[in-house]
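Chemist: No sequence on hand, only this structure:
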């Protein structure tokens with residue numbers, strides 16, 4: 001069982017031409033937190049991509065062991081919170097992910113319950129299923145999962161174009177394309193591809209800025225912008241170790257959040273304060289920050305998803321906007337491609 005608990009198959013980005021292929025199935029890309037559901041007897045654990053057990057935050061999901069018709073299992077799923085329009089809402093999910101007090105967890109579990117969208121099976125009754133083809137694994141899922149309001153089998157189709165149109169109309173995150181003959185790999189694989197509805201990047205927040213003197217006509221913000229970076233791509237085997245790699249500064253983001261959201265974000269970021277700037281490959285780019293701005297440095301531990309138009313020649317994000325903080329992904333996966 002332990003072999004696959006922290007084994008996640010990840011996808012490469014691609015364009016919409018893949019939607020015409022008959023070699024793939026297509027699933028909606030849901031805006032949530034990726035988890036493995038570990039069932040053992042009459043209990044389940046939810047393990048995120050950082051290898052953390054987040055089960056305690058979702059008491060409403062503790063009954064789902066009854067919905068998995070097996071003594072033991074490891075399932076791959078997206079944990080989401082649906083809004084009133086029954087669409088995944090990451091802002092609601094963030095309210096759940098930041099709670100540690102039992103009384104608040106219990107209250108939110110009733111107000112904004114989570115749903116597990118299961119899309120793969122890695123092990124069943126202590127037997128490995130990851131080596132089976134995707135279509136075989138999908139067939140197993142259909143026979144194993146008893147669906148209810150908290151656990152469903154993620155829908156899929158062979159018609160990528162039709163799904164893409166639906167995703168665009170509903171303003172969902174995108175589409176996943178998966179080869180029908182693919183096995184489950186514990187790595188990023190070109191057998192799985194993602195087509196995003198918007199261009200986004202996951203970047204490491206290395207600090208934030210505060211303006212000392214602000215326009216009197218504008219309300220004061222506790223953070224004026226987030227400073228973002230990615231790890232350089234390893235060129236040698238030695239550099240594959242994260243401690244041997246420097247960060248590449250990719251610019252600032254100062255839009256996409258309300259003043260209220262900034263207060264919440266600041267409280268999270270302040271838990272990761274550092275007395276010094278992290279090792280940056282291109283620290284001269286920080287010279288663009290004005291002298292009336294204070295920089296608060298952070299340890300490279302927090303990830304933000306950023307919407308953007310393109311990268312400039314100087315490797316800075318252009319027309320960037322904050323989407324959300326991510327807590328389900330390790331920082332070492334944020335790499336400059």
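Modeler: Looks like it arrived, so ask away. Not measured: the values here are computed from a predicted model.

Chemist: so residue 331 touches residue 298, yeah?
Modeler: No - at 11.1 Å, residue 331 does not count as touching residue 298 under the criterion of CB atoms under 8 Å. For glycine as for every other residue, the C-beta is placed from the backbone atoms N, C-alpha and C.

Chemist: quick one: low-confidence parts of the stretch 101-250 of the chain?
Modeler: 213-219, 236-244 (pLDDT under 70).

Chemist: please redo it, this time with the cut-off set to 90
Modeler: For the stretch 101-250 of the chain, the stretches with pLDDT under 90 are 170-173, 196-199, 211-221, 232-246.

Chemist: for the one helix or strand residue 115 maps to, packing partners?
Modeler: For residue 115, the host element (DSSP states H and E) is strand 114-124. Strand 114-124 sits against strand 33-40, strand 72-81, helix 134-144, strand 151-153, with contacts defined as 3 or more CB pairs under 8 Å, 6 or more residues apart in numbering; DSSP states H and E.

Chemist: Please identify which of the ones you listed is closest to residue 164.
Modeler: Nearest of these to residue 164, taken as CB to CB: strand 72-81 at 18.4 Å.

Chemist: Could you tell me the average pLDDT over the closest one, please?
Modeler: Throughout strand 72-81, pLDDT has a mean value of 97.

Chemist: Give me the distance from the helix or strand following it to the chain's centre.
Modeler: Toward the C-terminus, strand 72-81 is succeeded by helix 90-97 as the next helix or strand (DSSP H and E). Centroid separation between helix 90-97 and its chain, computed with CA atoms, centre = their mean, to the nearest Å, is 12 Å.

Chemist: Same check on stretch 246-266?
Modeler: 17 Å.

Chemist: Contacts only, for residue 312.
Modeler: residue 318 (CB atoms under 8 Å, 6 or more residues apart in numbering).

Chemist: Try it again at 10 Å.
Modeler: Counting by CB atoms under 10 Å, 6 or more residues apart in numbering, residue 312 touches 250-251, 318.

Chemist: same question, residue 51
Modeler: Contacts here follow CB under 10 Å, 6+ apart; on that basis residue 51 touches 5-6, 8, 36, 330.
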